[in-house]
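Undergrad: Pasting a predicted model and its sequence here:
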Amino acid sequence: MDAFSTMDFAWSEEEERFRAELEGFVVEHLPEDWDRPPGSLGSSVWSPATGAFAQALAQHGLLVPSWPKEYGGNAASSWQQQIVAEVMWANGEPRGPQYMNVNWIGPALIEFGTDEQRERFLGPMAAGSVVWCQGFSEPDAGSDLASIRTRAERDGTSYIVNGRKIWTSYADTAQYCFLLVRTGTDAERHRGLSVVLVPMDTPGIEVRKIPAIVGDHAFHELTFTDVVVPESARLGAENGGWAVVVRALANERVGLPRYIRGEQVLDLVAQWAEGAGILEQERVLALLGEAFAACEAARVLVYRVVDERAKGRPPSGLANVARVAAVEAERMVADATVELMGEEGLVSGRLADVQHRNSLAVGLAGGTFEVQLNLVSQLVLDLPRSETGVRPAGPSAEK
Amino acid sequence: MDLELTDEQRMISEGLRTILERMAGPERCRVLLEDGAHDTPLEKVLWDQGYLGMFSDPDAGPLEAVLMVEQVARALGTVATGALAVVGPALGIPELRGPVGLSRTPPRDDAPVRFATAPGFLVMPVEGEAFLCEVDGVQPSPTSWGYPAARVTIGSRRSLGPGSADRMMAWWRITIAAEIVGNASACLDVLLGHIKERYQFGRSLATLQALQHRLAQLFVQVEGSRWLAYRAAWSGAPSAEAALAAAHSVAAGRRTVRECHQICGALGLTTEFDLHMWSMRIRALCGEAGGVFATQVDAGRARWRPAGALVAT
């Protein structure tokens, strides 16, 4: 008789081996002067250090392990993909902005790209030698992504792009932009959108850095003035961009493992409290304990999403549930840090200072907290749309 | 990992649901509360059908026992499932029957113990060891909190071995977390039904984003509690895992009670509307666990000061 089957919360031996291999790789290849100790913000900088690390990962088959073999991957499981993310986040994200290529821009190209596009773009991504940025949000279209106005007008076999994008990360170093444009009418909303793949050195693209308070992460504004984009640069069908974006954002939301860094931060705060002689105080333990429980709740809810994906199920509202939990947890970690460290947190660069400023963005980047709550309401709780005009399947991005 | 109910677990749940539909629920709960009674017939069926014995059953296990505790709570069952099906077997006393109480210290004269409504047994930790105590006398206590409870007089007691107190506390916390999750899930069901049916200002309450977002946040917190409780049970109840499940679920429970009663309005305050049957139980469970602050202290202590004494259940 078969053994009784129950749930399983353990990593398999193969997954443990994979994690150990990856951790060994990190120890060996992380630059000696790597300035992101545990608990620091993940690097968002494309630098010689992150570039060299990403390329070393690629050479060892560890940059895009979850991609199909024909595109340079190793067909690794969703669980292994999560392990990669966890190990990278535990070490200050030494891939820099490469996670975007790995997690959703590359997979979108694999799913929607032409042979020529795959040939041209996936190789450099798999080699870790190229940076992409994502042009979604606009000054007047953030959560309401279907109202974007950046237009791509047909001109023979090309498009002429005019408009503005904002909050774009990595635009200062990116070689390409994964750009959402309007090819139909405004009234067509999400049915009039297309995605085009645009080299950032194309004439007519202007990049302006926007100073911000959220650590070393920089926002940018992109202005497109009569930018000529060949029709062959379109990803997917004309006016079929919404499907591409929905899939890309579903991949994006699966799970940056924020709980890993949150728990590292709490360990550091506990260490600080020990030094300050206050760790025994119940108020200190309660603040840390509350945030730690929230991080672990987020972890297990993210694992539910990975499980869903590993079983080949279509994306569901579980990703939004996990995202809400992760945002709440990260805010709780930051609040505990600020409250406990008191005046010491006022010093620039100290843990409380960094955590607080970073936490202001966690409910915005990659889809606002409110949009996540809308989606939980509609996809999970089966509540009707409210009268805000937000669509049940609607993605959002502030990138 | 495999983070969804297996086919076997679904079958267990389905069988249990059939029994609970027939023998539990709000009407049965109301009858029992009038007498302050433990549900002996339901307990008997749950023993006879193997549900209360799943902890040590090779065709089930501790996680299945905890899933059962959650499901019985959701159906407003009035059986001491936590003590009988989880804490007892975990302490090597699977033979317990009837309304067995769990208590964290020798109960104060005026403090009633949940389920200890008849002479029998009570389990409590004293200085690192759990004790099985004979209950010589009981004085049922009037209560609005949804569970039968009584003040007890304790007679002789026997130790359940060195280190047994930690084991008892960990499993007790997990059962409380599971009970809170079960009750909170039922509250959410009631709440969702209410806002979908009720119209104000010419529109369904369910379309109001102000309510949708609160429900979504509540759901996420309850769902996190659910999976922390499952993981703690699956892991064999390490203290740190149990503490996390308790801390998160008690906070979720407190919020559930507030939000459900606020959103259901005055209707939720009436005894004709079933909401209070779950919500009062949740608040009792949160108190039994030691409350939000104490469980959070213990979650912190379990990670950063594991040798320290616990302050909550």
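TA: Now that the structure is in, tell me what you want to look at.

Undergrad: Give me the buried positions along stretch B:197-205.
TA: Under the neighbour-count criterion of 16 or more other Cβ atoms under 10 Å in any protein chain shown, stretch B:197-205 has residue B:205 buried. C-betas here are computed from N, CA, C, even on glycine.

Undergrad: Paired strands for the longest strand along chain B, with orientation please.
TA: Ranked by residue count, the top strand of chain B under DSSP state E comes out as strand B:149-162. In the sheet, strand B:149-162 lines up against strand B:113-114 (antiparallel), strand B:129-140 (antiparallel) (DSSP bridges).

Undergrad: and the angle for the helix or strand following that strand with strand B:129-140?
TA: Under the assignment DSSP states H and E, the closest C-terminal helix or strand after strand B:149-162 is helix B:164-197. Going by axes from the mean of the first three to the mean of the last three Cα atoms, to 10 degrees, helix B:164-197 is angled at 50 degrees with respect to strand B:129-140.

Undergrad: which helices and strands does the lengthiest strand in chain A pack with?
TA: Secondary structure of chain A per DSSP E: the longest strand is strand A:219-230. In terms of contacts (3 or more Cβ pairs under 8 Å, 6 or more residues apart in numbering or on different chains; DSSP states H and E), strand A:219-230 is packed against strand A:158-166, strand A:193-199, strand A:205-210.

Undergrad: let's go with 6 Å and repeat that
TA: strand A:158-166, strand A:205-210 (3 or more Cβ pairs under 6 Å, 6 or more residues apart in numbering or on different chains; DSSP states H and E).

Undergrad: what is the mean pLDDT for that strand?
TA: Throughout strand A:219-230, pLDDT has a mean value of 97.

Undergrad: Sheet partners, orientation included, of it?
TA: strand A:158-166 (antiparallel), strand A:205-210 (antiparallel).

Undergrad: Give the buried residues for the shortest one.
TA: For strand A:205-210, the neighbour count (16+ other Cβ under 10 Å) marks A:205, A:207 as buried.

Undergrad: and what of the longest one?
TA: By neighbour count, with 16+ other Cβ under 10 Å as the criterion, the buried positions of strand A:158-166 are A:158, A:159, A:160, A:161, A:162, A:163, A:164, A:165, A:166.

Undergrad: Tell me which residues are up against that strand.
TA: Identification of contacts with strand A:158-166 by Cβ atoms under 6 Å, 6 or more residues apart in numbering or on different chains yields A:135, A:137-139, A:149-153, A:181, A:221-224, A:226-230.

Undergrad: Quick check: next helix or strand after it?
TA: Scanning forward in sequence from strand A:158-166 by DSSP H and E, the next helix or strand is strand A:176-182.

Undergrad: which intervals of chain B have sub-threshold pLDDT?
TA: B:308-313 (pLDDT under 70).

Undergrad: which residue ranges form the helices in it?
TA: Using DSSP state H, the helices of chain B run over B:7-23, B:26-35, B:40-48, B:62-74, B:81, B:88-90, B:164-197, B:209-234, B:239-264, B:275-289, B:292-304.

Undergrad: Can you check which helix is longest in chain A?
TA: Longest helix in chain A, counting by DSSP H: helix A:282-310.

Undergrad: mean confidence for the very next helix or strand once past it?
TA: Per DSSP H and E, the first helix or strand lying C-terminal to helix A:282-310 is helix A:318-341. Averaged over helix A:318-341, pLDDT sits at 96.

Undergrad: buried stuff in stretch B:36-47?
TA: Neighbour count says stretch B:36-47 has B:36, B:38, B:39, B:42, B:43, B:45, B:46 buried, by 16+ other Cβ under 10 Å.

Undergrad: got a list of what the second one touches?
TA: Yep, that's residue B:38 we're talking about. Each residue near residue B:38 by Cβ under 6 Å, 6+ apart is listed here: B:99, B:117, B:148.

Undergrad: Would you tell me which one of these comes nearest to chain A?
TA: residue B:99 (29.2 Å; Cβ to the nearest Cβ).

Undergrad: Confirm for me that that closest one is in contact with residue B:114.
TA: No. Assessed by Cβ atoms under 6 Å, residue B:99 is found out of contact with residue B:114, at 9.1 Å.

Undergrad: So these two - more neighbours on which side?
TA: residue B:99 (30 against 25; other Cβ atoms under 10 Å in any protein chain shown).

Undergrad: If we ignore the residues flanking it in sequence, what's nearest the more buried one?
TA: Excluding the flanking residues, the one nearest residue B:99 by Cβ to Cβ, 6 or more residues apart in numbering or on different chains is residue B:38, at 3.6 Å.

Undergrad: What does the one you found show for phi and psi?
TA: phi -70, psi 150 (degrees, to the nearest 10).

Undergrad: before we move on, what about residue A:139?
TA: Dihedral angles (degrees, to the nearest 10) for residue A:139: phi -50, psi -30.

Undergrad: nearest spatial neighbour of residue A:52, skipping sequence neighbours?
TA: residue A:31 (7.2 Å).

Undergrad: Check residue B:94 too.
TA: Take residue B:94 and drop its neighbours on the chain: the residue closest to it by Cβ to Cβ, 6+ apart is residue B:88, 5.7 Å away.

Undergrad: how close does that neighbour sit to chain A?
TA: Taking Cβ to the nearest Cβ, to the nearest Å as the measure, residue B:88 falls 21 Å from chain A.

Undergrad: out of the helices of chain B, deepest packed?
TA: helix B:81 (a mean of 28; mean count of other Cβ atoms under 10 Å in any protein chain shown).

Undergrad: Around chain B, pick out the residues from the stretch 1-150 of chain A.
TA: When proximity is defined as Cβ under 6 Å from any Cβ of the partner chain, the stretch 1-150 of chain A approaches chain B at A:4, A:5, A:6, A:7, A:8, A:9.

Undergrad: Among those, name the buried ones.
TA: Buried members of those, counted by 16+ other Cβ under 10 Å: A:6, A:7, A:9.

Undergrad: what's the closest of those to residue B:268?
TA: Of all those, residue A:7 has the smallest distance to residue B:268: 34.1 Å, by Cβ to Cβ.
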